[in-house]
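Student: prediction below, plus the sequence it came from.
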Number of protein chains: 2
Amino acid sequence: MKLTIDYLQRILTGRFEYKLLEELAEVGQVKTAPVGAYLIRPGEFIRSVPIIISGSVKIMRSDKEGREALLYYLGGLDACAMSLTCCLGNKQSEITAIVEEVTEVITIPVEKVDEWMCRYSSWKQFVFQTYQKRFDNLLETIDEVIFHKLDERLLTYLQKKVTSCQCDVLSITHEEIAHEMATSREVISRLLKQLEKGGQIKLMRNKISILQPTVLS
Amino acid sequence: MKLTIDYLQRILTGRFEYKLLEELAEVGQVKTAPVGAYLIRPGEFIRSVPIIISGSVKIMRSDKEGREALLYYLGGLDACAMSLTCCLGNKQSEITAIVEEVTEVITIPVEKVDEWMCRYSSWKQFVFQTYQKRFDNLLETIDEVIFHKLDERLLTYLQKKVTSCQCDVLSITHEEIAHEMATSREVISRLLKQLEKGGQIKLMRNKISILQPTVLS
DNA sequence: CGACCTGTGTAACAATTGTCACGGAAGTCG
DNA sequence: CGACTTCCGTGACAATTGTTACACAGGTCG
């Protein structure tokens, strides 16, 4: 779909200069991706960088044996660092990006991503900020798995999910959680029960209500 | 210490254009850092980006309780992504960088790092390659801790150490390994003994000899 | 030599996490 | 309603990792 300057000004308020918005309107494409859609998969190349306007995308890592684990979420005005390196370095993706909530993205062709970097300092800043944020996301993830036990990890997992989907009743099965945390269903069930006894969540079929004070950024 | 073009041409063969080498010689500083020196610590700012010429630097992550864990090593011609984001985004460091083997670095003032990006495409490429490599390093680290058990992790830890210090007899105590892997000495002793029984290593006081076929990149 | 310090080995036990085996609850669909 | 599927709970047990406690080996230094 075609972009209008008006639209861009509304969603990117003050972030980019007018001339850049004009160019963005020229070459950018708006797309809507349904829940479950793959934005990219390991081994794939990508020829345009997506900027997420609204919705939520989860970035997963898989190993050879088919196990998977959640790395972090992308949300409003985030861009994917992996797509940047893929584009700029012509490299294959190392991760999977799956739409978690219906997501609207603007895609920008590689050449422009590169070209704008020198022409618009606001764009350069955006690109580096993206790298920095993803780097921080990965460090957070590492902290979790290295320094915390499963029950704590489960709780922060749920809390992040809550901020990602913006509601405190999650529609998710134990199986899915287990999958994203690279462990087994029984373990998750056990720990969830434990959290419920501790009054931090409430369990229902296919649903989990988070009662915790959700004091996350 | 001052830099000469000759020196730069020798160590950066073909990586950068001549004009960039001239500028590098102009503003860059060579420094030698002794084993154990901190190149950067969490919370610090940094005003110049170091490129590692020779030696080895380990990047560690710490949590609030003082525990630490090894993230990855930097070696020849690597640059630190964290120092880039610190400089370009004026952000505090999230990691610790400690000299593992005597290391020679060229430091480059922030302004130039930024300025050259538009002027020299080889430099831009270098910067993005740096981000990409560090990103990959972190993903590898995450793979290890999420998908592998301690004994496997210990083995790859030892192998990486071997490639980092370029010798197959490591001078290290069990305590130090435990520290870098964020576990306890007893656990490491136990697993090392197990690896020795399996014929993969040989243990001596303060030393570990790796007998494994070291088929690492 | 004897006191002392550091590094290693190891047994015993605790806690956490993973696996297997089931049974039952809730929902779907004929 | 009855068959069937999916999801959840749970007990029992195994494997892994963490902790405590202690013995001993090798080196240093007076």
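Tutor: Nice, thanks for sending it over.
Student: for chain A, what helix or strand is lowest in average pLDDT?
Tutor: helix A:81-89 (a mean of 86; mean pLDDT, DSSP states H and E).
Student: near chain B at all, that one?
Tutor: Yes - interface with chain B: helix A:81-89 contributes A:81-82, A:84-85, A:88-89 (C-beta under 8 Å from any C-beta of the partner chain). For glycine as for every other residue, the C-beta is placed from the backbone atoms N, C-alpha and C.
Student: who wins for most neighbours among the residues you listed?
Tutor: Neighbour count (other C-beta atoms under 10 Å in any protein chain shown) singles out residue A:82 as the most crowded of the residues of helix A:81-89 next to chain B, with 26 neighbours.
Student: surely it touches residue A:96?
Tutor: No - Residue A:82 lies out of contact with residue A:96 (C-beta atoms under 8 Å); the separation is 9.6 Å.
Student: which neighbours do these two share?
Tutor: A:40, A:59 (C-beta atoms under 8 Å, 6 or more residues apart in numbering or on different chains).
Student: list the beta-bridge partners for residue A:61.
Tutor: Residues in a beta bridge with residue A:61, per DSSP bridges, are residue A:69.
Student: touching, it and residue A:97? I think so.
Tutor: No - Residue A:61 lies out of contact with residue A:97 (C-beta under 8 Å); the separation is 10.9 Å.
Student: and those two? which has more neighbours close in?
Tutor: Neighbour comparison, residue A:61 and residue A:97: the larger count goes to residue A:97, with 26 against 21 (by other C-beta under 10 Å).
Student: what's the angle from the helix or strand encompassing that one to helix A:81-89?
Tutor: Assigned by DSSP states H and E, residue A:97 belongs to strand A:96-109. Going by axes from the mean of the first three to the mean of the last three C-alpha atoms, to 10 degrees, strand A:96-109 is angled at 50 degrees with respect to helix A:81-89.
Student: re the thing from before, what residues does the least confident helix or strand of chain A touch?
Tutor: Applying C-beta under 8 Å, 6+ apart, the contact partners of helix A:81-89 are A:40, A:45-50, A:59, A:91-95, A:97, A:110, A:113-114, A:127, A:130-131, A:133-135, B:128-129, B:131-132, B:135.
Student: give me the buried subset of these.
Tutor: A:40, A:46, A:48-50, A:59, A:93-95, A:97, A:110, A:113-114, A:127, A:130-131, A:133-135, B:128-129, B:131-132, B:135 (16 or more other C-beta atoms under 10 Å in any protein chain shown).
Student: state the mean pLDDT of the longest helix belonging to chain A.
Tutor: When chain A is parsed with DSSP state H, its longest helix is helix A:121-147. Per-residue pLDDT over helix A:121-147 has a mean of 95.
Student: near DNA strand D, which residues of chain A show up?
Tutor: With the criterion set to C-beta under 7 Å from any atom of the strand, chain A comes near DNA strand D through A:173-175, A:185-186, A:189-190, A:192-193, A:203, A:205-206.
Student: pull out the buried residues from these.
Tutor: Counted by 16+ other C-beta under 10 Å, the residues of chain A next to DNA strand D give A:174, A:192 as buried.
Student: now, which of the residues of chain A next to DNA strand D lie within helices?
Tutor: Applying DSSP H to the residues of chain A next to DNA strand D, the entries found in helices are A:174-175, A:185-186, A:189-190, A:192-193.
Student: could you identify the most distant pair in those residues?
Tutor: A:175 and A:193 (15.1 Å; C-beta to C-beta).
Student: one step back: list just the nearest of the residues of chain A next to DNA strand D to chain B.
Tutor: Nearest to chain B, judged by C-beta to the nearest C-beta, of the residues of chain A next to DNA strand D is residue A:185 at 17.2 Å.
Student: does chain B have contacts with stretch A:93-105?
Tutor: Yes - contact of stretch A:93-105 with chain B (C-beta under 8 Å from any C-beta) involves A:94-95.
Student: could you give the mean pLDDT of that stretch?
Tutor: The average pLDDT for stretch A:93-105 rounds to 96.
Student: around DNA strand C, pick out the residues from chain A.
Tutor: Selection of chain A residues close to DNA strand C by C-beta under 7 Å from any atom of the strand yields A:149-151, A:183-184, A:186-187, A:191, A:205.
Student: buried only: go through those for me.
Tutor: The buried subset of these - by 16+ other C-beta under 10 Å - is A:183, A:187, A:191.
Student: flag every buried residue along stretch A:66-77.
Tutor: Quick answer for stretch A:66-77 (16+ other C-beta under 10 Å): A:68-75.
Student: what's it in contact with?
Tutor: Under C-beta under 8 Å, 6+ apart, the answer for stretch A:66-77 is A:11-12, A:15, A:51-62, A:80, A:95-97, A:100, A:134, A:137-138, A:140-141, A:157, A:160, A:164, A:179-182, B:142, B:146-147.
Student: change it to 6 Å
Tutor: Outside stretch A:66-77, the residues within contact range by C-beta atoms under 6 Å, 6 or more residues apart in numbering or on different chains are A:52, A:54, A:56-62, A:137, A:141, A:164, A:180, A:182, B:146.
Student: distance between that stretch and the chain's centre?
Tutor: In this view, stretch A:66-77 has its centroid 5 Å away from the chain centroid, taken as C-alpha atoms, centre = their mean, to the nearest Å.
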